[in-house]
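Undergrad: after the sequence you'll find the predicted model.
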Amino acid sequence: MKDTGSGNLTTISHILLLGFGNLKELWIPLFTGFLAVYIISMAANLLLVVLVVLDPHLQTPMYFFLSSLSCLVIVSTSNISSVMLTGLQTGNVMIALGGCLAQLYLFGALATVEYFLLAAMSYDRYLAVCCPLHYPSLMDSRVCRQLVVGSWVGRFLFMRILSLLLIALSFCGPCEIDHYFCDFQPLLELSCTNTSMVQTVTRHKAFSTCSSHLTVVTLFYGMLVAVYMSPRDGTGLNPSKALSLLYRVLTPLLNPFIYSLRNQEL
């Protein structure tokens, strides 16, 4: 902690992630289970990317979007799982405030890119079903690249605005959060300044897009809204920590199977 020179007010320089420290008897099975899920998720998504790159028959808009989603999932899952698995080995993780904000920025940026990729995939399927004769001209390789690049550029710019709002906050402690990674709400609870603007921005973010991919959306958006809209009473099991496991760990695992099982080519 660092003294700010204003009475007893201090700012924190490091944050302790408690992770699953209250479940010591389950550390080994949790670590084994999450590691297995992580490995399977990485292997499945990487395999999907390799298949799309190597097989000319799969180089279509639909599989281009699927491979882009898999690349995104590989990066985003590694960003979260690495810290979570480390916490399960040591009991907790001490991370610098700057590193915590960086992880939060990457997590938020990748998550919001995923929203737009799902929306682009929905638009692609809409054109394929409703406009089959015009589909090749409406959804060519140039349009696909523009949609993917636009998703990345636009959402990283959005997260830059949110990051500037977070950097402007003062974090006065306590210097620990009951989570396994640096998520929005637990980090905001450490702030000793007004966080209403940041909370308003993240609330709108949760409802920013929707998708017709009902299975993925139910898991991803449903859990996302539940995490950021659920009340915190300070007692019992932290609901956001449990729910975020589903949309940050389970959904990346299921994505390649949900999509590939419905496609004869794969």
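TA: Done, it's in. Numbers count the residues shown, from 1 in each chain.

Undergrad: when you work out contacts or count neighbours from here on, use the C-alpha atoms and nothing else.
TA: Fine.

Undergrad: just give the nearest non-adjacent residue to the residue most central in space within the chain, would you?
TA: Centroid-nearest residue in the chain: residue 111, 4.0 Å away (criterion: CA atoms, centre = their mean). In this structure, residue 111 finds its nearest non-sequential neighbour in residue 76, 7.6 Å apart by CA to CA, 6 or more residues apart in numbering.

Undergrad: just to revisit the earlier point, can you list the helices and strands that the helix or strand harbouring the residue nearest to the centre of the chain packs against?
TA: Using DSSP states H and E, residue 111 sits in helix 97-130. Contact partners of helix 97-130 among helices and strands, from 3 or more CA pairs under 8 Å, 6 or more residues apart in numbering; DSSP states H and E: strand 14-17, helix 61-90, helix 135-138, helix 141-167.

Undergrad: and among the ones you listed, the most buried is which?
TA: Among those, strand 14-17 has the highest mean neighbour count (mean count of other CA atoms under 10 Å), at a mean of 22.

Undergrad: let me know the average pLDDT across the helix holding residue 111.
TA: What helix 97-130 shows for mean pLDDT is 83.

Undergrad: check stretch 18-31 too.
TA: Here stretch 18-31 scores 82 as its mean pLDDT.

Undergrad: report the buried residues of it.
TA: Buried residues in stretch 18-31, counting neighbours by 16 or more other CA atoms under 10 Å, are found at 18, 19, 20, 21, 27, 30, 31.

Undergrad: can you classify the fifth one as helix, strand or coil?
TA: Pointing back at residue 27 there. With DSSP: H, G, I helix; E, B strand; the rest coil as the basis, residue 27 sits in helix.

Undergrad: tell me who's in contact with it.
TA: Contact analysis of residue 27 by CA atoms under 8 Å, 6 or more residues apart in numbering lists 20, 88, 89.

Undergrad: quick one: which of those is nearest residue 186?
TA: residue 20 (14.6 Å; CA to CA).

Undergrad: phi, psi of that closest one?
TA: phi -110, psi 40 (degrees, to the nearest 10).

Undergrad: also residue 176?
TA: The phi/psi pair for residue 176 (degrees, to the nearest 10) reads phi -140, psi 150.

Undergrad: nearest spatial neighbour of it, skipping sequence neighbours?
TA: Spatially, and ignoring its direct neighbours in sequence, residue 176 is nearest to residue 16 (4.3 Å; CA to CA, 6+ apart).

Undergrad: how about the contacts made by the one you found?
TA: 92, 93, 94, 95, 175, 176, 177.

Undergrad: from memory the last one sits against residue 18, does it?
TA: Yes. The pair formed by residue 177 and residue 18 meets the contact definition of CA atoms under 8 Å, at 6.1 Å.

Undergrad: what residues of stretch 39-57 count as buried?
TA: Of the residues in stretch 39-57, 41, 42, 44, 45, 46, 48, 49, 51, 52 count as buried by neighbour count, 16+ other CA under 10 Å.

Undergrad: using CSV, lay out those residues together with distance to residue 143.
TA: Shown next, in CSV, are the buried residues of stretch 39-57 (distance: CA to CA, whole Å):
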residue, distance to residue 143
41, 29
42, 28
44, 27
45, 23
46, 24
48, 22
49, 20
51, 22
52, 18
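
Undergrad: out of those, which comes closest to residue 99?
TA: Checking those against residue 99 by CA to CA gives residue 42 as the nearest, at 23.8 Å.

Undergrad: need the contact list for that closest one.
TA: Contacts for residue 42 (CA under 8 Å, 6+ apart) come out as 74, 253.
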